[in-house]
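> Generate a structure from the sequence data that follows.
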Amino acid sequence: MLQLSPSPSPPPALDPIAEVHFSIRAVGRDAWNACFHDQVEDYDCLLAIEEAGIGGFEWRYITIVEDGRVSAVMPAFLCLYALDTTLEDGLLRKAVRRVRQRFPGFLTLRLACLGSPCTETGTVGFHPDVPPERREVLFAELLSYFEQLAATEDCALMGLKDIPQPVAAALDGPLSARRYAMIGGLPTAWLDIDFKSIDEYLARLSSGTRKDMRRKLKSFAQVRVEIRTDFGDFLPEVMALYHDTRNRSEWQFEELTIDYFEGILSHMRGRSFCAFYFVEDRLLAANLIVHDGRVAIDKFFCMDGEEGRPYNLYFLSWFTNLRYCLEHGIGRYQSGQAYYENKVRLGSKLTANAMFFRHRNPVLQKILRLVSPLFSTDEAGQ
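Next comes the predicted model:
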């Protein structure tokens, strides 16, 4: 645990103490979950991420303690970050890659970031007894200590990852005061399960989409679906499907590991599952889901890109997940980021997310502000 000195601003009445932990175990499940009581990706999820051995990342957990109680908390990570990570494929990205072949450190900075690279969104956790009017003060303290940590860790770039729009609005005061710049992130797609059957759901879709889905659902006759809470002997095949899917992705940040997939199912036992999709006993797709009985989050759908597509496995997984939600009384299906065209077509709504950044060098911060629209991944309106 690294304890940082208080910020130079006048201390509030309860004299909060900032603590930076190197493992979430040092915070404790009860203290963490008390601040994130309505989050699916809670202590157990973050512990699985921490223990997954994901290359290139260091984990930190910042807490604000008052009178012996954790009042505010947020995860953080450190890494080397290539600024072109979110650039779309094109001439600019190809030019950056050519330069990087000769100068490997080009447009790569050491980053300290609040949030997690492996959770759907980032948010600040507050103890339920913290009154709303005090939360901005505590976040300002947490942000100040986070910046001290970044300086200690020699991170020139500081950021906050995937903050949902409603949360971002509430944090605007401290972020603006410390001159953080905002760029759009990938929005989150979600669908409320406010229907009683798949037929009722289909009736809400457009006639063209409904007809297309009924045609695609006929593929269930050729596909066997298994809902499992462990990977068993199929784990190597799942990892092969994961890498095949990841290699087709336009944006690549973290690379998940075997320990990540196994860890999610073991640490979140009873709140996670993996749906397997077989054709003639060959595994062609797998879908990892986590939930808390209220919200189900689609963590990763991986598929054999060549052999899986003729069986409409993405759409079969969509309807499999909706049926699971209906059968278990889950009220919302959150299908994550990217590939929005089909999600919106299938009735999903989008919540915008924001990313914030600040460079310790004021001159470089101005330059990054000017070019930041090139690195925005906001697709909410597309």
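> wouldn't residue 142 be in contact with residue 18 here?
Yes: the pair residue 142 and residue 18 passes the contact test of C-beta atoms under 8 Å, sitting 7.0 Å apart. All C-beta spots, glycine's among them, are computed from the backbone N, C-alpha and C.
> Find the residues that touch each one of these two.
Common neighbours of residue 142 and residue 18, counting by C-beta atoms under 8 Å, 6 or more residues apart in numbering, are 62, 64.
> just checking, what packs against the longest strand along the chain?
Longest strand of the chain, by residue count under DSSP state E: strand 69-82. Secondary structure elements in contact with strand 69-82, counted by 3 or more C-beta pairs under 8 Å, 6 or more residues apart in numbering; DSSP states H and E, are helix 29-35, strand 58-66, strand 108-114, strand 125-126, helix 132-152.
> export those to a markdown table and tack on mean neighbour count and mean pLDDT?
Below are the helices and strands packed on strand 69-82 laid out as a markdown table (neighbours: other C-beta atoms under 10 Å; pLDDT from 0 to 100):
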| stretch | mean neighbour count | mean pLDDT |
| --- | --- | --- |
| helix 29-35 | 18 | 97 |
| strand 58-66 | 21 | 97 |
| strand 108-114 | 20 | 93 |
| strand 125-126 | 22 | 97 |
| helix 132-152 | 18 | 96 |
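> With distance to residue 74 added, can I get the ones you listed in a markdown table?
Formatted as a markdown table, the helices and strands packed on strand 69-82 follow (distance: least, C-beta to C-beta, whole Å):
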| stretch | distance to residue 74 |
| --- | --- |
| helix 29-35 | 9 |
| strand 58-66 | 6 |
| strand 108-114 | 5 |
| strand 125-126 | 7 |
| helix 132-152 | 6 |
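> of the ones you listed, which approaches residue 48 most closely?
With C-beta to C-beta as the measure, strand 58-66 is the member of the helices and strands packed on strand 69-82 nearest residue 48 (11.7 Å).
> Tell me the strands beside that closest one, with direction?
strand 17-21 (antiparallel), strand 69-82 (antiparallel) (DSSP bridges).
> what angle do the last one and helix 132-152 make?
For strand 69-82 and helix 132-152, the angle between their directions (axes from the mean of the first three to the mean of the last three C-alpha atoms, to 10 degrees) works out to 40 degrees.
> any idea of the mean pLDDT in strand 69-82?
Here strand 69-82 scores 95 as its mean pLDDT.
> Same question for stretch 309-318.
For stretch 309-318, the mean per-residue pLDDT is 97.
> Show me the contact partners of that stretch.
Residues contacting stretch 309-318 (C-beta under 8 Å, 6+ apart): 213, 216-217, 219-220, 222-223, 225, 275, 277, 279, 284-285, 287, 301, 303, 335, 342, 346.
> now do 10 Å
By C-beta atoms under 10 Å, 6 or more residues apart in numbering, the residues outside stretch 309-318 that reach it are 191, 212-213, 215-220, 222-223, 225, 275, 277, 279, 284-287, 289, 298, 301, 303-304, 307-308, 319-320, 333, 335, 339, 342-343, 346, 348.
> Now do the strands in the stretch 201-350 of the chain.
With strands called from DSSP state E, counting those that start in this stretch, the stretch 201-350 of the chain shows them at 224-228, 272-279, 282-291, 295-303, 332-336, 349-351.
> between those, which gets nearest to residue 247?
strand 295-303 (10.8 Å).
> what about that closest one, distance to the chain center?
11 Å (C-alpha atoms, centre = their mean, to the nearest Å).
> just the helices in the stretch 151-300 of the chain please.
Secondary structure of the stretch 151-300 of the chain (DSSP state H, counting those that start in this stretch): helices at 165-170, 172-177, 198-204, 207-217, 235-247, 258-267.
> give the contact list for residue 48.
Contacts for residue 48 (C-beta under 10 Å, 6+ apart) come out as 41, 118, 259-268, 272, 290.
> Just the buried residues out of the residues you listed, in PyMOL syntax.
To isolate the buried members of those in PyMOL, using 16 or more other C-beta atoms under 10 Å:
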select buried, resi 41+118+260+261+262+263+264+265+267+268+272+290
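> Tabulate the contacts of residue 48 in CSV, adding columns for pLDDT and distance to residue 362.
CSV is the format used below for those (pLDDT from 0 to 100; distance: C-beta to C-beta, whole Å):
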residue, pLDDT, distance to residue 362
41, 97, 35
118, 95, 32
259, 97, 41
260, 97, 38
261, 97, 43
262, 97, 45
263, 97, 41
264, 98, 41
265, 98, 46
266, 97, 46
267, 98, 42
268, 98, 43
272, 98, 45
290, 98, 41
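> Quick one: the contacts of residue 48 as TSV, columns for distance to residue 83 too.
Formatted as TSV, the contacts of residue 48 follow (distance: C-beta to C-beta, whole Å):
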residue	distance to residue 83
41	26
118	20
259	29
260	25
261	29
262	33
263	30
264	30
265	34
266	36
267	33
268	33
272	34
290	31
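> Which single one of the contacts of residue 48 is nearest to residue 26?
Using C-beta to C-beta, the contacts of residue 48 come closest to residue 26 at residue 267, 16.6 Å.
> ok, residue 262 touching residue 234?
No: using C-beta atoms under 10 Å, residue 262 is not in contact with residue 234; the gap is 11.6 Å.
> can you list residues touching both of these two?
Between them, residue 262 and residue 234 share no contacting residue, judged by C-beta under 10 Å, 6+ apart.
> List the contacts of the closest residue to residue 168 other than its chain neighbours.
Sequence neighbours aside, residue 354 is the residue nearest to residue 168 in space, at 4.5 Å (criterion: C-beta to C-beta, 6 or more residues apart in numbering). By C-beta under 10 Å, 6+ apart, the contact list for residue 354 reads 122, 160-165, 167-169, 171-172, 175, 182-185, 187, 376, 378.
> Same question for residue 279.
Contacts of residue 279 (C-beta under 10 Å, 6+ apart): 219, 222, 223, 224, 285, 304, 307, 308, 310, 311, 313.
> separation between it and residue 154?
The gap separating residue 279 from residue 154 is 51 Å, by C-beta to C-beta, to the nearest Å.
> No further questions, thank you.
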